[in-house]
Structure formats: C-alpha cells, structure tokens
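Fold the following for me, if possible:
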Amino acid sequence: MRGDASLSGLYGLGVIGALVYFIQQSQGFWSGFLGVLKAFIWPAILIYRLFLALP
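Residues are numbered from 1 along each chain as shown. Presented below is the predicted three-dimensional model:
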C-alpha cells in the first residue's frame, strides 16, 4: 500500500511540471486550456506508445 502513495506523488509532480510547461508555452486562452488537458493525458499517451514499441 505504501508504494502506491509514492507513485501517486510522482504522477502528481509530473502533472504539475507538465502544467507549468504547457501553460508557459501557450499564447492564448484556448491554447492554455488545451495545455491543461495535455498535462493530464500525457502519461496515458506515453504508456500507450511504450506498449506499441514492445515486440
């Protein structure tokens, strides 16, 4: 049970970092809104691409 908490913290730090990055790169409201969505979805895309790369 304790290992799950550390992974949640790591995921949270990744989301915060992605939020900062995507919002800094945005040039308007809608690109900032899209950046917030990307910040929450990028881990799923990463895992999906990793599974596609497996033989």
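
which parts of the helix or strand of the chain with the lowest mean pLDDT are buried?
When each helix and strand of the chain is scored by mean pLDDT, DSSP states H and E, helix 2-25 comes last, with a mean of 80. Judged by neighbour count using 16 or more other CB atoms under 10 Å, the buried positions of helix 2-25 are 18-19, 22. The way it works is simple: take the backbone N, C-alpha and C, and place the C-beta from them, glycine included.

Over to stretch 38-45?
residue 39.

just to revisit the earlier point, between helix 2-25 and the very next helix or strand once past the least confident helix or strand of the chain, find me the angle.
Next helix or strand after helix 2-25 toward the C-terminus (DSSP states H and E): helix 29-53. Here the directions of helix 29-53 and helix 2-25 differ by 130 degrees (axes from the mean of the first three to the mean of the last three CA atoms, to 10 degrees).

From the contact counts, what lies against helix 29-53?
Judged by 3 or more CB pairs under 8 Å, 6 or more residues apart in numbering; DSSP states H and E, helix 29-53 is in contact with helix 2-25.

Show me the contact partners of the least confident helix or strand of the chain.
Taking contacts as CB atoms under 8 Å, 6 or more residues apart in numbering, the residues outside helix 2-25 that touch it are 31-32, 34-36, 38-40, 42-43.
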